[in-house]
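Chemist: Any chance you could fold what I've pasted below:
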Amino acid sequence: HYQVPDDMVLDANGNTWTIEPSIDLNNAMDYVDTLMVRKGTWQAGTNTHTYMDMPVELAASADATGNKQLANSSVAFGMNGNIGYVSALSHIDYNTEPDSVLTIVTRKTTDGGTTWGAPIQVDISTIADPFLLSDPNGSYTAGFELKTQVDANGNLHVVCAIGPDADGFSIGTEAGTWGIFDIYTTDGGTTWTGFLLAQPQQFRGFWDTAGSDLSEDSRPQVTTTTDRTKMFFSWLDTDSLIFGTFDGNAFPDLWVRGFDVNTGMSTAATNFTTGTAADGQVSYGVASKYAFVPQAGTYRVPYCYMVNDPISPSTDMKPFNYLNEVDFTDADFNIPVGINAIEGDYGTVSVLYPNPLSGVGTYDLDLTAKQDVLVTVTNIYGQVISRNDLGTLIPGSHRFTLDVNNWSNGIYLLNINIGGQDLTQRFVVN
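Modeler: So this is what the prediction gives:
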């Protein structure tokens, strides 16, 4: 194996865990079915670690060219150091996902890494499609980074980008077609669900105009409190209204959204760097695995980044910075999970809830500027079921209801046009 480890975690007993894929350097850097896990056991008497390699088999299925794909790996352990997961963006089962898809594959231990359960491949397409509706075949892929944490209940959370499946393990990244997700289990890995954290404007950025030899994607990461009851998901996105779109994600800001494991409530997705000295400069960011609690009811996400001037040579030294006061309070956790913000140029729309819907549903609209808003509901055949011209709405938060009493059971599309931009989501009447 080779390269810097993909991930590192410190468990409650002071032990360190690192992970990286085993690679065949003589065969086009092909993955060879093993995750190289290294455990550092804390020795209190000498204040040192003793290290032991613990290879974990994770056999990937070969693609159409005969290669085995693994994009990224991550390791996470729970509070007691016994429950842990090794996870990767890879592929092991064509019956679950098609050949060209990178999906989440994980193995679980309940005895501190002595033994590992059978590999589990998560069906991300079934989870993502109701949120994204962007692949006509309902096939989605993850790209190309993941980070993991174990919550207070011993359940795994995986944060990654998911978008429409393109040929050759590529992901569709047109704004509105992909999103940052928390893919998680509530029963130890038997079933999986998803929380759409956001739909960023940009996916990948390039630096060094002479050769564009440095690139970076949305960099999804997750931070948790030490009691594992609150999680904070972070990612990078460039504001296309300020910096334009041709540069991609080359002027990233830091976005963070929190989730309370016990209450099921989330915060709003928050841009912590727009309008600050770090505006558009948060490249190669690194979020701490654990949050600070400066005072009761306040949670701080430690975050470091480099300033990457898009026009400077890639060999130049880059300043290193720490973002202070990336803070949330208990009062910020006020959005039920399932009410996921769909971001547009002029505001955000929550997912209609509940879904499936049998009576009256609710959705929220948060506008950044005064805009004309038109709401249209169609069935899957394109027939208009309802149309509501809301007129010109002022900036701020607005809440609306949708009454589906007496509607036929089936799948419907809720389209909200804000200032000429369509934000569409799927819901079910049952």
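Chemist: switch to C-alpha atoms for all contacts and neighbour counts from now on
Modeler: Fine.
Chemist: Distance-wise, check residue 152 relative to residue 141.
Modeler: Here residue 152 is placed at a distance of 28 Å from residue 141 (Cα to Cα, to the nearest Å).
Chemist: and what of residue 47?
Modeler: As judged by Cα to Cα, residue 47 and residue 141 stand 43 Å apart.
Chemist: higher neighbour count, these two?
Modeler: More neighbours surround residue 141 than the other of residue 47 and residue 141, with 29 against 7 (other Cα atoms under 10 Å).
Chemist: The more buried one touches residue 103, doesn't it?
Modeler: Yes: in this structure, residue 141 is within contact of residue 103 by Cα atoms under 8 Å, at 6.0 Å.
Chemist: shared neighbours of those two, anything?
Modeler: residue 124 (Cα atoms under 8 Å, 6 or more residues apart in numbering).
Chemist: List the residues that contact residue 324.
Modeler: Contacts of residue 324 (Cα under 8 Å, 6+ apart): 302, 303.
Chemist: So what does it look like in phi/psi?
Modeler: When quoted as degrees, to the nearest 10, the phi and psi of residue 324 stand at phi -100, psi 150.
Chemist: got it, and residue 146?
Modeler: According to degrees, to the nearest 10, residue 146 has phi -140, psi 150.
Chemist: where's it relative to residue 331, distance?
Modeler: Taken as Cα to Cα, the span from residue 146 to residue 331 is 29 Å.
Chemist: And residue 218, by the same measure?
Modeler: With Cα to Cα as the criterion, residue 218 and residue 331 are 28 Å apart.
Chemist: now do residue 238
Modeler: 28 Å.
Chemist: what do you get for residue 410?
Modeler: 37 Å.
Chemist: Looking at those two now, which is surrounded by more residues?
Modeler: residue 410 (12 against 9).
Chemist: That one touches residue 426, doesn't it?
Modeler: No: using Cα under 8 Å, residue 410 makes no contact with residue 426, being 10.6 Å away.
Chemist: What segments of the stretch 51-200 of the chain are helices?
Modeler: 124-132 (DSSP state H, counting those that start in this stretch).
Chemist: What ranges does it have for its strands?
Modeler: 56-57, 72-77, 84-90, 103-109, 120-121, 140-150, 156-166, 170-171, 179-184, 193-198 (DSSP state E, counting those that start in this stretch).
Chemist: These: which one's closest to residue 279?
Modeler: Between residue 279 and these, the tightest spacing by Cα to Cα is seen for strand 193-198, at 19.1 Å.
Chemist: So what are the sheet partners of that closest one and their directions?
Modeler: Note on strand 193-198: by DSSP bridges, its sheet partners are strand 179-184 (antiparallel).
Chemist: which regions of the stretch 151-300 of the chain lie under the pLDDT threshold?
Modeler: For the stretch 151-300 of the chain, the stretches with pLDDT under 70 are 168, 208-213, 245-247.
Chemist: ok now do the nearest residue to residue 51 once chain neighbours are set aside, which residues does it touch?
Modeler: Computed as Cα to Cα, 6 or more residues apart in numbering, the closest residue to residue 51 that is not its neighbour in sequence is residue 40, at 4.3 Å. Applying Cα under 8 Å, 6+ apart to residue 40 gives the contacts 15, 16, 17, 49, 50, 51, 52.
Chemist: Please indicate which of those residues are buried?
Modeler: 15, 16, 17 (16 or more other Cα atoms under 10 Å).
Chemist: Same list (those residues) but as CSV, adding pLDDT, secondary structure and distance to residue 192.
Modeler: Below are the buried ones among the contacts of residue 40 laid out as CSV (pLDDT from 0 to 100; DSSP: H, G, I helix; E, B strand; the rest coil; distance: Cα to Cα, whole Å):
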residue, pLDDT, secondary structure, distance to residue 192
15, 93, coil, 28
16, 95, strand, 27
17, 96, strand, 25
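Chemist: What is the nearest of these to residue 4?
Modeler: Nearest to residue 4 out of the buried ones among the contacts of residue 40 is residue 17 (Cα to Cα; 13.3 Å).
Chemist: Let me know whether that closest one touches residue 10 as I believe.
Modeler: Yes: under the contact definition of Cα under 8 Å, residue 17 touches residue 10, with a separation of 6.4 Å.
Chemist: residue contacts, residue 184?
Modeler: Contacts here follow Cα under 8 Å, 6+ apart; on that basis residue 184 touches 155, 156, 157, 158, 192, 193, 194.
Chemist: Find the nearest non-adjacent residue to the last one, please.
Modeler: Looking back up the chat, that one is residue 194. Counting by Cα to Cα, 6+ apart, residue 194 lies nearest to residue 183, which is 4.5 Å off, once chain neighbours are set aside.
Chemist: Also the fifth one?
Modeler: When the adjacent residues along the chain are set aside, residue 192 lies closest to residue 185, with 4.6 Å between them (Cα to Cα, 6+ apart).
Chemist: before we move on, what about the third one?
Modeler: On the basis of Cα to Cα, 6+ apart, the spatially nearest residue to residue 157 that is not a chain neighbour turns out to be residue 184, at 4.4 Å.
Chemist: cool, the second one as well?
Modeler: Take residue 156 and drop its neighbours on the chain: the residue closest to it by Cα to Cα, 6+ apart is residue 150, 4.6 Å away.
Chemist: how many other residues sit next to the one you found?
Modeler: Neighbours around residue 150, by other Cα under 10 Å: 24.
Chemist: that older thread, ok, so of the contacts of residue 40, who is nearest residue 63?
Modeler: Nearest to residue 63 among the contacts of residue 40, with distances taken as Cα to Cα, is residue 17, at 29.9 Å.
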